[in-house]
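Asks: I would like to see how this sequence folds:
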Amino acid sequence: MKELSLFGPDAPFYIGLKLLKLGNREGAIAALLNAEGNASPVVQQNRLKTLIPLLLETKQTDMALTVLENIGNNSEYTKQTWYRSLLTEVRFAKGQYQTIIDMQKGIESSELTQKEQALGLFSRLAMDPKNPKNLDAVTAFFMTGLATELTRDLFNTIRQAPDIFLPQTISDAVLGRLFILDRSYGDALYYFKQALHRNRYLFEAYPDLLSDLGKAYQYSGVAKEGIKLFLDWEATIRSNQSTQALVTNNDKNEIRFKLLFFAGRMARQVRISSDALNYFYRALPMAPDSQQRDACIWYILDSTLEADPNLFPSTLETLIPIWSSPSYFDDLLDKICTNFTTEHNWTGLLKIFKIIYQKADSPVQARYAYILARAITEGYLPLNKELNFLGLPAGVNRSETAKAFYTIAFETDKASLYYRSLAAAFLGTQIQLIPETGDVQEITKGAQHIDESTLIAYLTGFFSWGCADIALPYVLEYKDQLTTEEIRRLAQMFGNQKRWGDQIQLISRALFSKPDYTATKTDYELLYPLPFRDLMEPLATQHTIPIEIFYGLVRTESAFIPDINSNAGAKGLTQLMLSTAQDAAWRIKREGGPDFTIKDSKDLEDPETNLYIGAWYLSYLIKRTGSPLLALASYNGGMTRVRNWRASQASLTEDIFLETIPITETREYSRKVLAAAAVYGYLYFNLSMEKVFADIFPVQQSPLEAR
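Replies: Numbers count the residues shown, from 1 in each chain. A predicted model of the protein is given here:
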């Protein structure tokens, strides 16, 4: 392995990562051990962050300590948090507990990683197991907050430590929490019951543990048993009987909130709606923070919607002044919007919009505003005084009233193109997707800046050494320390390696996720790349498919990853099911087209085969349904279902019909493809975004003023 260094000081690192991905752990360790010498600081850091866990997994703790101590001669590394964290982990594995305690002296806990904090607590318990404060601190660590994979890792660490013993009650409680993490609720309840039998007050001391107990009862098929336990428990605390909390004296109201809140969730689970609402309303005043108050409000609103949708508007109006995070309620407001639109309850929809206007999340407001504008335009919603809340002058006509709602949809939904583009088509307004101002070279700032030239050399090394397939997580780790131009350069490198899915992810997560970032044409071209053009354009022409819709479909389905698999078994660029592809191939051959022999899903990884069959199938669906929109919905949700849905909403225009599709995935899928198609048409095919939507929804071909 020493010969690897002849290729350069950083070569063994990248080769080690590649071997690790191939499953050759022994070879990876050997390569990483040789990536020393003159390797750059950022390579050394990531080499050790990969190597040390491998050495610990293979019980080579002495080697791990030697490696760290050798590198520790360089003070540049010993001052870094990552180095101290790795050294702590190795010393704990060797049982050097006092050394860890000494290492952490004088360091604020906020400066330690979560793992360092935990290993410090474990070390104190190992050195002084009779001190109850040490056990209390370890218990608090495991019982506070949500259980994560780090919780599992640290629990395994402490159980393997020969000098540390956790009481059975604590071990059972942690195991229960880890089963909740795995969604194995029956197993979780088993362990929680063991802990509950020994010490009920542990659950009072740690409300997060109590929440997990509530989830275990709710989802393990014994909700009624849980309701009785929680209500009796709450009554005991309410009657001022002693709680004898183990570690802390939590506010009794927080415990009562948890007990009533989860009693409500359990009652919903067994469809006792009236009782559920009662428990939620009783819990609400005792919510310990805004996040838990929002959760309780959400359940009240959703339970009201299920019990009596007509009561939803008044309940929402009562509770909206005390909610904290509007986006928390997006799914619920989307749900009621779909329900009311499906039922043609335009008056109810208007009532909801009046309540949430300028209070809800902007995409939700845009959806309501657009649907109401269309209802007014099409005459579904009569003109009356209920529409005056927007400050329109008396006697305003239908066209001007609708225009006010289209304007809200256009101006509100800055984060999404869908409703904005639809509204623009009616307003006769052009969307300026690409800003007219020049490109602003924004430099992002990270908490721990690494020399720019060293960092970019490290990241581009993944491409030089044939490791583009594993590069994305490493690039994203440093996205806040890269300039905008460096992010674009790396994205282009992904594209050059035909890894367009990684290119899309990087641009989306590193640039478009920034709240105040102004994207340029270059950014949009990277977010909406144009691969396989030599295949896709001729196929779109041959099968009479708008090319921008074909690109929107492929990007939405697969992000241009030829060998991608879905959980349902769909395969390739256009995400074809094997049975669908085989049937389509038979029909194509019968029509005199190419002979595609599809033996198994592996055949669908070939771009030429997959794109041809996908194009033919989309064209087939357009012919059978008579509409590009219905074809796209059928592509995702199935043609028979879409036909049935459409028949039940025959009086609605197609764009409003889309809002009634009962399956959220199909509804969202159709929007995503149409929005992506609009961008492709705008960027590459000299089509305005509004023209793309007008082609799909012919009713929108004339602006509002012409009506």
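Asks: any low-confidence regions in the stretch 1-150 of the chain?
Replies: Along the stretch 1-150 of the chain, the model assigns pLDDT under 70 to residues 1-7, 35-37, 72-75.
Asks: Quick check: the gap between the residue nearest the centre of the chain and residue 559.
Replies: Per Cα atoms, centre = their mean, the C-alpha nearest to the average position across the chain is that of residue 509, at 11.3 Å. Distance, residue 509 to residue 559, using Cβ to Cβ, to the nearest Å: 13 Å. Any C-beta I mention is one placed from the backbone N, CA and C, and that applies to glycine too.
Asks: what is in contact with those two at once?
Replies: Counting by Cβ atoms under 8 Å, 6 or more residues apart in numbering, residue 509 and residue 559 have no contacts in common.
Asks: Could you chop this protein up by domain?
Replies: 1-94, 289-416, 452-517, 533-706 (automatic domain parsing).
Asks: lowest-confidence stretch among those domains?
Replies: Of all the domains of the chain, the minimum mean pLDDT falls on domain 1-94 (a mean of 87).
Asks: can you give me the offset of it from its chain's centre?
Replies: Its chain's C-alpha centre and that of domain 1-94 lie 32 Å apart, by Cα atoms, centre = their mean, to the nearest Å.
Asks: same check, this time on stretch 291-307
Replies: Offset of stretch 291-307 from its chain centre (Cα atoms, centre = their mean): 22 Å.
Asks: residues in contact with that stretch?
Replies: By Cβ under 8 Å, 6+ apart, the residues outside stretch 291-307 that reach it are 257, 261, 264-265, 268, 273-274, 276-277, 280-281, 283-284, 287, 311-312, 315-316, 319, 322-325, 328-329, 332, 335-336, 339.
Asks: try 6 Å
Replies: Stretch 291-307 is contacted from outside by 261, 273, 276-277, 280, 283-284, 287, 311-312, 315, 319, 323-325, 328, 332, using Cβ atoms under 6 Å, 6 or more residues apart in numbering.
Asks: that older thread, just put the domains of the chain in JSON lines and tack on distance to residue 113.
Replies: Formatted as JSON lines, these follow (distance: least, Cβ to Cβ, whole Å):
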{"stretch": "domain 1-94", "distance to residue 113": "5"}
{"stretch": "domain 289-416", "distance to residue 113": "24"}
{"stretch": "domain 452-517", "distance to residue 113": "15"}
{"stretch": "domain 533-706", "distance to residue 113": "33"}
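Asks: Residue 211: which of these is closest?
Replies: Closest approach to residue 211 among those is made by domain 289-416 (9.3 Å; Cβ to Cβ).
Asks: Pull up the distance across the closest one, start to finish.
Replies: 31 Å (Cα to Cα, to the nearest Å).
Asks: Likewise for stretch 462-479?
Replies: Its first and final residues considered, stretch 462-479 spans 15 Å by Cα to Cα.
Asks: Tell me how far that stretch lies from the chain's centre.
Replies: For stretch 462-479, the distance to the chain centre is 21 Å (Cα atoms, centre = their mean).
Asks: Give the buried residues for it.
Replies: Across stretch 462-479, burial judged by 16 or more other Cβ atoms under 10 Å covers 462-463, 465, 467-468, 471-472, 474-475, 478-479.
Asks: Could I get the contacting residues of the nearest residue to residue 372 once chain neighbours are set aside?
Replies: Leaving aside its chain neighbours, residue 372 sits nearest to residue 405 (5.0 Å; criterion: Cβ to Cβ, 6 or more residues apart in numbering). Contacts for residue 405 (Cβ under 6 Å, 6+ apart) come out as 369, 372-373.
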